[in-house]
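**Student:** Quick one, structure for this:
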Amino acid sequence: MKKLIEVRNLNIAYGSAAGWTNVVQGVSFEIARGEAFGLVGESGCGKSTVAYRLLGYGTINSLVQTGEVIFDGIDLLKLDATALTRLRGSRIALVPQNPTTSLSPGMRVGTQIREMIATHRALPPGMAMETRIVELFALVGLPDVGHRYPHELSGGQQQRVTIAMAVACNPDLLVLDEPTTGLDVTTQRQIIQLLADLRARIGMAMLYVTHDLALLAQIADRVGVMYAGQLVEVAPCETLLAAPAHPYSRGLIASIPTMDGAAQPGQGLRGVLRRDQMSTGCKFEPRCDFAAAACRTTPQALEPVTGARTVACMRWREAVAPHVPVLVKREDKKTAEVPKRVLSVADLALSYTRPSLFDRLLGRSSPAVVRDIDLDLRAGEVVALVGESGSGKSTIARAISGRLPPRAGIISLDGAALAPALKDRSVEELRQIQYIFQNPDASLNPRRRIRAILARPVDHFGIEVDDKALETVLDNVGLHAGYLDRFPEQLSGGERQRIAIARALLVNPKLLICDEILSALDVSVQARIVELLRSLKEKHAVAMLFISHDLAVVQEFADRVAVLYRGELMQLADTATLLSEPLHPYTEMLLEAAPSLRKDHYVSRPPAVPNSKAAQGVGCPLAGRCPRQIGSLCAETRPPLQTTGNGFVRCHLGVEALPVHSTPTDARDPSVQKVSSQRSL
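**Tutor:** Predicted structure coming up:
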């Protein structure tokens, strides 16, 4: 295939008071017309820096030292600002990680697409502007949204709008920077399928920057692996995932927890990427399990090895050799007595709006976004809460923590009812429930050193600690005492998340609420944090409500799983049972959407169309989308709650008619029975 874009020996440095730091070194690759090229690596490896340079973007303190970016015969690095502006959007387009950064909150989304087309004069001859806008929205599966503002759309819908804007001018190259990070698994697969369809229809090439190798397996032709600013391996996607040749590629893939066959937890990479501790030779040598003495002093460059693969490693033959993975079987600790119930949620209903005066006079209540939630956690137990974006997972977490007073229901801690609002809870109750947010940057003061950040909640709760205690809690999360004198900006994303966990643990809570704390982290960092949380659970019997959209991590870590859809619990069971027996049709849909490291033939279900009656407690919220819907019954009659061996399922279909028949408890393999299956619900 003919080359569309070629990056040649690109070197980029960032400047600071301490001088210039090389962040991209000698990067070279090409993308053919119509090809999808993936760029992967840990945070800080330089992959986004390279991607944004293809569009001429760079921070004020960045400098391209050497290199060329040849796009259809033109060196983009030599173009002036005016020429780059004409090129962006028309021939090279960007889909950013966060759609809110590229959508104007004060403009309707249809108007924003109109502006894009008008700016680049990209309206096809003879076609009306409104017709083109409707066509673009239909192309991304969003009929009749042009009149809406961005805040009226879900995260997945916003991302579809940015894709519609990006392809509005039929670009030759689409640059995608982590476009599905933070989205639920079904929305992720819909976006990936959409991109594959667009590529087939329009014939555009793609540069896909991500840390999610399982999603990349579904769309990429070739993959480039970056480490510390250098490409260390380039290979066809299927070849790389099946038999990685560079030790870093191998470690990155081994970090991914899988749902294929026997559950295999992510094993993580040794150490972390530290640019101040790199050798003069191979940059990966300090973390490499295959390193020899020569690796420390001999620089490595990409060299062709087999087929279409190039590798920057003198010991690639040892790394690519077949190996038998060590399957980790974790034994549940047996206990003579059932652990104490820490949290109990009964008949919980939540709403974000208050009824108007007119509604109150008529005795009407505001629509509930969450209803009829019954859930409990015991000491040392992890209950995962899974479901699509907008299903109410974080809303429930906010209510438990006291940040959203319930409309109805009771939340109890150690058998005592908690005050609905945070301000009415005692200091001791606040200490016992700690919340870890998805984005640690939002909860760590950038102007405070880590020592002060850790000390603040301790002071608030009147707990006396010394430096030794601070060092101990850092050690518990895998960090050394030197971090106490650093600022958050001096830490990686994974390290900041560990600080957030350490701060929560320092006050000895009984319950940890983990709200999507892994979604934006690299797979290698995810593996280390999961291992940390497991250790805390086993050593300190901390109960955890674990909100996640990553079912492979849930399979590895959780005792029980609660499946939530549009504010209602659809199924609850112990993890092994739920993943092997997805009784509810929605649970089955979630499992079908979970990607693996092998390319599959997933076909997405129809997009979510809410059953408007369900908000008033009428019918099933999955009605209109369910593949097993029973006529009008599901839309008009609330489904019954059916008790199963170790949980429940909410569906009109009898258990025997659901996707997988329930297996009698005594027939199951006792080795997969978890302690949670013996616990009362």
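
**Student:** What distance do you get for residue 526 to residue 504?
**Tutor:** 18 Å (Cβ to Cβ, to the nearest Å). (Glycine included, C-beta is placed from N, CA and C.)

**Student:** I meant to write residue 279 there.
**Tutor:** 36 Å.

**Student:** Low-confidence stretches in the stretch 551-681 of the chain?
**Tutor:** Residues of the stretch 551-681 of the chain meeting the criterion pLDDT under 70: 601-617, 658-681.

**Student:** Backbone torsions only: list them for the spatially most central residue of the chain.
**Tutor:** When Cα atoms, centre = their mean is applied to the chain, the residue found nearest the centroid is residue 519 (2.8 Å). As for residue 519, its main-chain torsions (degrees, to the nearest 10) stand at phi -60, psi -30.

**Student:** where does it land on pLDDT?
**Tutor:** At residue 519, the model reports a pLDDT of 77.

**Student:** Does it touch residue 438 like I think?
**Tutor:** Yes - using Cβ atoms under 8 Å, residue 519 is in contact with residue 438, at 6.1 Å.

**Student:** For the nearest residue to residue 202 once chain neighbours are set aside, give its distance to residue 368.
**Tutor:** Excluding its sequence neighbours, the residue lying closest to residue 202 (Cβ to Cβ, 6 or more residues apart in numbering) is residue 170, at 6.1 Å. Going from residue 170 to residue 368 by Cβ to Cβ gives 45 Å.

**Student:** Looking at those two, which has the bigger crowd around it?
**Tutor:** Per other Cβ atoms under 10 Å, whichever of residue 170 and residue 368 has more neighbours is residue 368, with 22 against 13.

**Student:** What distance do you get for the more buried one to residue 91?
**Tutor:** Distance of residue 368 to residue 91, given as Cβ to Cβ: 49 Å.

**Student:** Same question for residue 308.
**Tutor:** Using Cβ to Cβ, one gets 27 Å for the distance from residue 308 to residue 91.

**Student:** Between these two, point out the one with more neighbours.
**Tutor:** More crowded of residue 308 and residue 91, by other Cβ under 10 Å: residue 91, with 18 against 11.

**Student:** Surely that one touches residue 172?
**Tutor:** Yes - using Cβ under 8 Å, residue 91 is in contact with residue 172, at 5.1 Å.

**Student:** what's the overlap in contacts for those two?
**Tutor:** residue 72 (Cβ atoms under 8 Å, 6 or more residues apart in numbering).

**Student:** Now do the strands in the stretch 51-200 of the chain.
**Tutor:** 62-71, 74-75, 92-95, 173-177 (DSSP state E, counting those that start in this stretch).

**Student:** Next, give phi and psi for residue 226.
**Tutor:** According to degrees, to the nearest 10, residue 226 has phi -110, psi 140.

**Student:** where's it relative to residue 47, distance?
**Tutor:** Plainly put, residue 226 is 5 Å away from residue 47 if you go by Cβ to Cβ.

**Student:** try residue 499
**Tutor:** 24 Å.

**Student:** more neighbours, the two?
**Tutor:** residue 47 (27 against 23).

**Student:** Tell me how many other residues crowd the nearest residue to that one once chain neighbours are set aside.
**Tutor:** Of all residues not flanking residue 47 in the chain, residue 39 sits nearest, at 4.6 Å (Cβ to Cβ, 6+ apart). Burial of residue 39 is recorded as 27 neighbouring residues (other Cβ under 10 Å).

**Student:** looking at the sheet around residue 39, what are its partners?
**Tutor:** residue 209, residue 224 (DSSP bridges).

**Student:** ok, now which ones touch it?
**Tutor:** 47, 50, 51, 207, 208, 209, 210, 223, 224, 226.

**Student:** Relative to residue 211, how far out is residue 98?
**Tutor:** 15 Å.

**Student:** With residue 408 instead?
**Tutor:** Distance from residue 408 to residue 211, by Cβ to Cβ: 41 Å.

**Student:** neighbour count winner among the two?
**Tutor:** More crowded of residue 408 and residue 211, by other Cβ under 10 Å: residue 211, with 23 against 14.

**Student:** Which residue ranges make up each domain of this structure?
**Tutor:** Structural domains annotated on the chain: 3-107+169-320, 341-566, 577-650, as defined by the TED database.

**Student:** quick one: which of those is nearest residue 163?
**Tutor:** The minimum distance between residue 163 and the domains of the chain falls on domain 3-107+169-320, with 5.6 Å, by Cβ to Cβ.

**Student:** Could you work out the end-to-end span of the closest one for me?
**Tutor:** 29 Å (Cα to Cα, to the nearest Å).

**Student:** What of stretch 8-25?
**Tutor:** End residues of stretch 8-25 are separated by 11 Å (Cα to Cα).
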